[in-house]
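Enquirer: Here is my input; please provide its structure:
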Amino acid sequence: MQRLFDNVYRILPTKVTPTKYSSLFVTRAEGNLLFSCLGGHSSIEGSFGDMDALGGVALHLLGDMHFAARYNDDVDARFGVATMCSEIEGPDVRRKVKDVVTFPFERHVLAPGVEVIPTPGHRPGAVSYLVDVGERRCLFAGDSIYHDGDTWMCPVSKKNRNKMRATLDVLAGVEFDVLLANTGANNPVCHVEVDAVARSAFIAGLKSRL
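Expert: The predicted structure follows:
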C-alpha cells in the first residue's frame, strides 16, 4: 500500500504487471472505503493484512463492471462486505462476482460523507463517488476519467462522446479538491489536486481531448 495523503492509500496488485490496475483505499471514522479495480487478474490479497490493521473495509465500491473480477469475492469474504455498484452495472458485475448489492443510478448520499454521482459515457452505468476525507472533498472517478501515462483523458467511444461531454458538464459543478482514478499499476499518476480555477481548467482540458 502507498500512502497518497492523509487517510488515502493506493493499493497495488500483489503481482504488478503492465495489464493490471491499482485500487484505492480510504480510512474514515465512519467506516473505511475500498474502491477496487480487480480486473486483469489484479488480486490485492497481499494487502489484506495492511487493510485489516487500518480497520478493514466497511464499503466495497465499484465504478463500473470493468472493475469486477473473481477476486472481489476474496475481498468480500475476508472483510464481510458485498461489492456495490449501480443498478445498471449490476447484471454485468454479477457475471463475475457472487455477492453484489446495487443502488439507484441517480445522484444520492450512499452513506455519511459518501455521495454517488452518475458519470456515464465510458460505461452506461458508471458512477463516481464524492467523499469527505478530512478537509478534502475527494472525487473517486474510477476509469471514467483516467491518466494514460501521458495525460488525463476520458476513455470513450466516438458514439458516446456527447454523453461524456454531458458528464463533464455535471462534474464542472461538483466542488472537489482531489480527483482520483484507478490507473494502471505501472503508472504512478493516479490523482490530481485542484482549486476552483484549476478544476475548471482540468474539466475544460478533458473536454478538448474527447
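Enquirer: contacting residues for the residue nearest in space to the middle of the chain?
Expert: Residue closest to the mean C-alpha point of the chain, counted by C-alpha atoms, centre = their mean, is Gly142 at 3.2 Å. Residues in contact with Gly142, defined by C-beta atoms under 8 Å, 6 or more residues apart in numbering, are 35, 37, 62-64, 66-67, 119, 122, 126-128, 181-182. The C-beta positions use only the backbone N, C-alpha and C, and glycine is treated the same way.
Enquirer: got it, and Val131?
Expert: Shown here is Val131, whose contacts under the criterion C-beta under 8 Å, 6+ apart are Val26, Arg28, Leu33, Gly113, Val114, Glu115, Arg137, Cys138, Leu139, Phe140.
Enquirer: What's the separation between the fifth one and Leu61?
Expert: In this view, Val114 and Leu61 are 8 Å apart by C-beta to C-beta, to the nearest Å.
Enquirer: ok, those two, which is more surrounded?
Expert: The residue with the greater number of neighbours, taking Val114 and Leu61 and applying other C-beta atoms under 10 Å, is Leu61; the counts read 26 against 21.
Enquirer: Correct me if wrong: that one contacts Cys37.
Expert: No: here Leu61 lies out of contact with Cys37, judged by C-beta atoms under 8 Å, at a distance of 10.9 Å.
Enquirer: Could you tell me how far the residue nearest to Cys85 when sequence neighbours are not counted is located from Ala82?
Expert: Once flanking residues are discounted, Cys85 sits nearest to Leu62: 4.2 Å by C-beta to C-beta, 6 or more residues apart in numbering. Distance check for Leu62 against Ala82: by C-beta to C-beta, it reads 11 Å.
Enquirer: the more surrounded of these two?
Expert: In this view Leu62 and Ala82 are compared by other C-beta under 10 Å, and Leu62 has more residues nearby, 28 against 16.
Enquirer: Spell out which residues sit in contact with the more buried one, please.
Expert: Phe35, Ser36, Ala68, Asn72, Thr83, Met84, Cys85, Glu89, Val93, Gly142.
Enquirer: Generate a ChimeraX selection restricted to the buried subset of the residues you listed.
Expert: What follows is the ChimeraX syntax for the buried subset of the contacts of Leu62, where burial is set by 16 or more other C-beta atoms under 10 Å:
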select :35,36,68,72,83,84,85,89,93,142
